[in-house]
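A.B. asks: here is my input; please provide its structure:
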Amino acid sequence: MLSGGGIKIFSGTSHPELAEIIARRIGVPLSKAEITRNGIGETSVRIAESVREDDVYIINTGCGEVNTSLIEMCIMIHACKIASAKRITAVMPLFPYARQDKKDKSRAPITAKLVANMIQKSGCDHVITMDLHASQIQGFFDVPVDKLYAEPSVILHIRNNFDLSNMVIVSPDAGGAKRATSIADRLGVDFALFHKERKKANEVSRMVLVGRVKGKIAILVDDMADTCGTLVLAAKHLTDAGASKAIAIVTHGIFSGKALETVMGSTLEKVIVTNTIPQEETLLACSKLEVIDVGVVLGEVIRRSHYGESVSKLFDEVPF
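C.D. replies: Modelled structure (predicted):
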């Protein structure tokens, strides 16, 4: 347990429940900050306690009103910086604009780089995030970035809840093959993947399954579920190919638009997500949803960061 001196944890408005879990793990209360918005939508922040020479961690994830969460983070960092905080860490389990990581067509912005610049210019000294959509985003920063993985938590959940003797791990696209093969290798199970072709963003035209799934529990793994179109289509292909069950495990459950209705009407038996994004309302709206808590992992990373301990151990195992 920490005494509270030297470390301060603040929460933005995007995910206060996760901030509470992290604070309990570390053994300190959440520090007080007042966040308000005026009539035209401007965000105002007042840090309600001293942070002079403290190690400050600000927790806000990229969900809901993403632009509001991002500007909140920047303003809170700036407020702590000019209040003489010793070090300021932005804890963003879901990094905002992570899918806009490259110039994929003429005159397209690289918005993830812009977001990185905004966070740095605000006065941030360190960033903690989880399962970045594109690893190169780490290179957009000139400050240390700890990119955590949900993989250890996912593997623990699979070991505790599924029969490994009759399972195959499936990647819904070639881009996620590395993640899926890593999980399959550590579990000692088979691996399969889909090759998909897109006509336009968020619309898959054709999927081809590579691998054997007949008679097996097929577990789809991905970094995020947004519209869920790819996962649902992949699940249909898996059941058509003879898989006994189709289950999806994703890190960031965004569930935009009619995603939950799509999941409920699909052949997916379950969709398992982590709590990098608040899931209280989606749990009520979708009976197929399950949530893995990663707050303990984030809390342990903050504790280790504060004491100058290595965090690489957490890339392979879940802390207790």
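
A.B. asks: does anything pack onto the longest helix belonging to the chain? Which helices or strands?
C.D. replies: Of all segments of type helix in the chain, defined using DSSP state H, the longest is helix 66-81. Helix 66-81 is packed against strand 33-37, strand 43-47, strand 55-59, strand 87-92, helix 111-122, with contacts defined by 3 or more Cβ pairs under 8 Å, 6 or more residues apart in numbering; DSSP states H and E. For every residue, glycine as well, the C-beta is placed using N, CA and C.

A.B. asks: kindly reformat these as a markdown table containing distance to Cys286, mean neighbour count and mean pLDDT.
C.D. replies: What follows is the helices and strands packed on helix 66-81, written out as a markdown table (distance: least, Cβ to Cβ, whole Å; neighbours: other Cβ atoms under 10 Å; pLDDT from 0 to 100):
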| stretch | distance to Cys286 | mean neighbour count | mean pLDDT |
| --- | --- | --- | --- |
| strand 33-37 | 29 | 14 | 96 |
| strand 43-47 | 31 | 16 | 96 |
| strand 55-59 | 25 | 26 | 98 |
| strand 87-92 | 25 | 25 | 98 |
| helix 111-122 | 29 | 18 | 98 |
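
A.B. asks: what's the closest of those to Ile155?
C.D. replies: Ile155 lies closest to strand 87-92 among the helices and strands packed on helix 66-81, at 23.0 Å (Cβ to Cβ).

A.B. asks: mind saving the C-alpha coords of that closest one as PDB?
C.D. replies: This file holds the C-alpha atoms of strand 87-92, laid out as PDB (Å, rounded to 0.1, in the frame of the first residue of the first chain):
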ATOM      1  CA  ARG A  87       6.000  14.100 -13.800                       C
ATOM      2  CA  ILE A  88       2.700  13.800 -15.700                       C
ATOM      3  CA  THR A  89       1.600  10.500 -17.200                       C
ATOM      4  CA  ALA A  90      -1.400  10.300 -19.600                       C
ATOM      5  CA  VAL A  91      -3.200   6.900 -19.000                       C
ATOM      6  CA  MET A  92      -5.300   6.300 -22.200                       C
END
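
A.B. asks: direction included, what does that strand pair against?
C.D. replies: Paired neighbours of strand 87-92 in the sheet (DSSP bridges): strand 55-59 (parallel), strand 126-130 (parallel).
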